[in-house]
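[1] Sequence first, then the predicted structure:
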Amino acid sequence: MPSNIFSFLKFNHMQRTLYQLCVFMMFLGLGLYSSGCVAPYGFQTGRAMGRGNGEVSFELSIINLGGASVPSPNIAGRIGLTDKMDVGLVMGASSFPYAYTRYQVVGDLYSPVALSLGAGIGYIGGFSNISISNFNGGYAHFPLYFSLHSNDFAWYLTPQYSFFFSSLGNTSLFSGSTGIEYSVSKRIALGLNLGLSRNFNSNVSVFTAGLGLKFHFGN
């Protein structure tokens, strides 16, 4: 039995410490949980993190639904299991909490063109009001991450299909986000993100616009 849950990854002490910090920051995001409409979470390019690397990102978006605009904070964390495969967690007001994995199929950590395929699952529940009582359910996300990179800038496009199942019925969403990311330094990046979600059943659209801040750990 390994003495440390990270030992099977065969990372050195510094990489293991960074991993633990990323995991801590992801679970810290549980404090940002609140109910809300599911909007696409952006601020991710098609590049994988790379083995032993991680990032924590913060997003503040404005959600427009039916003419009403509300602020929405989000926090996300991502760590690289291999040079191609990442796992992560997203928490916040515009996205119910979900865990996901993604795999880079085109390019590498430094290529100008990158493409990754992703899948994630989440849970909805634990709240009730006058119109919704004992609401429970779950959902699955299937995003595609595409990006172009030039020096310190990156442009990304992330279409996503989502399926929701609950005690009130099932529904599907198609969403997408696009934006730019600027690397201020090796460790810090800024982002501008635009997103749109569309409910297939009710024809309801959710628009988002936000700013993001990323902190990178590892190599």
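    Done, it's in. Residues are numbered from 1 along each chain as shown.
[2] can you map out the helices along the chain?
    13-28 (DSSP state H).
[3] what stretches of it score poorly on pLDDT?
    Within the chain, the set of residues satisfying pLDDT under 70 comprises 1-41, 66, 93-96, 125-136, 200.
[4] Would you map the strands across it?
    54-65, 68-80, 85-92, 98-106, 113-127, 135-150, 153-166, 169-183, 188-199, 205-217 (DSSP state E).
[5] residue contacts, the nearest residue to His149 once chain neighbours are set aside?
    Closest residue to His149 apart from its sequence neighbours, by Cβ to Cβ, 6 or more residues apart in numbering: Pro112 at 5.0 Å. Backbone N, C-alpha and C define where each C-beta goes, glycine included. By Cβ atoms under 8 Å, 6 or more residues apart in numbering, the contact set of Pro112 is 148-150.
[6] For those, pick the one with the most neighbours.
    Compared across those, His149 has the highest neighbour count, 20 neighbours, by other Cβ atoms under 10 Å.
[7] Considering the contacts of Pro112, which is situated nearest to Ser197?
    Leu148 (23.7 Å; Cβ to Cβ).
[8] Grab the nearest non-local neighbour of that closest one.
    Trp155 (5.1 Å).
[9] ok, the residue nearest to Leu115 when sequence neighbours are not counted - contacts?
    In space, and not counting its chain neighbours, Leu115 is closest to Val106: 3.7 Å by Cβ to Cβ, 6+ apart. Residues near Val106 by Cβ under 8 Å, 6+ apart: 46, 113-116.
[10] Can you flag the buried ones in these?
    Those of the contacts of Val106 that meet the buried threshold are 46, 114-116, by 16 or more other Cβ atoms under 10 Å.
[11] Now render these as a markdown table, adding distance to Tyr100.
    Shown next, in a markdown table, are the buried ones among the contacts of Val106 (distance: Cβ to Cβ, whole Å):
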| residue | distance to Tyr100 |
| --- | --- |
| Gly46 | 14 |
| Ala114 | 17 |
| Leu115 | 16 |
| Ser116 | 11 |
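[12] so how far is Ser185 from the closest residue to Gly176 other than its chain neighbours?
    Using Cβ to Cβ, 6+ apart and skipping the chain neighbours, the partner closest in space to Gly176 is Pro159 (4.4 Å). As judged by Cβ to Cβ, to the nearest Å, Pro159 and Ser185 stand 30 Å apart.
[13] Name the pair among the contacts of Val106 with the greatest separation in space.
    Using Cβ to Cβ, the contacts of Val106 reach their maximum pairwise distance at Val113 and Ser116, which is 11.6 Å.
[14] what's across from the closest residue to Asn199 other than its chain neighbours in the sheet?
    In this structure, Asn199 finds its nearest non-sequential neighbour in Leu173, 5.6 Å apart by Cβ to Cβ, 6+ apart. Assessed by DSSP bridges, Leu173 has beta-bridge partners Ser162, Asn199.
[15] now swap in Phe142 and tell me
    Beta bridges link Phe142 to Tyr161 when assigned by DSSP bridges.
[16] ok, back up a step: settle it for me: which of Pro159 and Ser185 has more neighbours?
    Pro159 (15 against 8).
[17] dump the residue contacts of that one.
    Pro159 is in contact with 143-144, 174-176, counting by Cβ under 8 Å, 6+ apart.
[18] Same list (those residues) but as JSON lines, adding distance to Ile63 and neighbour count.
    Formatted as JSON lines, the contacts of Pro159 follow (distance: Cβ to Cβ, whole Å; neighbours: other Cβ atoms under 10 Å):
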{"residue": "Pro143", "distance to Ile63": "19", "neighbour count": "23"}
{"residue": "Leu144", "distance to Ile63": "22", "neighbour count": "17"}
{"residue": "Phe174", "distance to Ile63": "17", "neighbour count": "14"}
{"residue": "Ser175", "distance to Ile63": "12", "neighbour count": "24"}
{"residue": "Gly176", "distance to Ile63": "15", "neighbour count": "18"}
